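J.: Below: sequence and its predicted model.
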Amino acid sequence: QVQLVESGGGLVQSGGSLRLSCAACGRFFSIRTMAWYCQGPGKQRELVASITSGTGEIYIDSGKGRFAISRDNAKNTVFLQMNSLNPEDTAVYYCNAEIGRTLGTWAEYWGQGTQVTVSS
């Protein structure tokens, strides 16, 4: 069983920072892409940032210059550093990963979500 375990959400004032973490747990042989998505109230889930080893990072336009995604491959963990947060960033943030259970077999996994609330 593979699970993505998230942490780091919470309540922060406008202009503040938060760092989200997500660790992949269980038995697998490799992780390809790791990413963060967010879903605000009444909105669809959208990609915030993704990171693929050997390829690089992708960011949502509203996050460029404020957010930074990174990963620790030795710990199968992805981080999202969020700076200069504003109320529009309020959402549930979900970790996502493309994980290989066996050689040549890849599957997409989701974390349970962590709430980020930015007060004005």
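T.: Looks like it arrived, so ask away.

J.: Show me which positions of stretch 87-97 end up buried.
T.: Within stretch 87-97, the residues that qualify as buried are 89, 90, 91, 92, 93, 94, 95, 96, 97, counting by 16 or more other C-beta atoms under 10 Å. Using the backbone N, CA and C atoms, a C-beta is placed for each residue, glycine as well.

J.: Give me the packing partners of the helix or strand of the chain with the lowest mean pLDDT, helices and strands only.
T.: The least trusted helix or strand in the chain, going by mean pLDDT, DSSP states H and E, turns out to be strand 56-59, with a mean of 92. Applying 3 or more C-beta pairs under 8 Å, 6 or more residues apart in numbering; DSSP states H and E, one finds that strand 56-59 makes contact with strand 46-52, strand 67-72.

J.: could you dump those to JSON lines with mean pLDDT?
T.: Shown next, in JSON lines, are the helices and strands packed on strand 56-59 (pLDDT from 0 to 100):
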{"stretch": "strand 46-52", "mean pLDDT": "97"}
{"stretch": "strand 67-72", "mean pLDDT": "96"}
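
J.: one step back: pull out the buried positions in the least confident helix or strand of the chain.
T.: Those would be residue 59, for strand 56-59 by 16+ other C-beta under 10 Å.

J.: Could you single out the nearest of the buried residues of stretch 87-97 to residue 104?
T.: Distance to residue 104 across these (C-beta to C-beta) is lowest for residue 97, with 17.1 Å.

J.: check contacts around the closest one.
T.: Shown in contact with residue 97 (C-beta atoms under 8 Å, 6 or more residues apart in numbering): 4, 22, 24, 31, 32, 33, 34, 35, 78, 108, 109.

J.: Generate a PyMOL selection restricted to the buried subset of those residues.
T.: Restricted to buried positions by 16+ other C-beta under 10 Å, the PyMOL selection for those reads:
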select buried, resi 4+22+24+31+33+34+35+78+109
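
J.: nearest to residue 64, of the contacts of residue 97?
T.: Nearest to residue 64 among these, with distances taken as C-beta to C-beta, is residue 35, at 15.4 Å.
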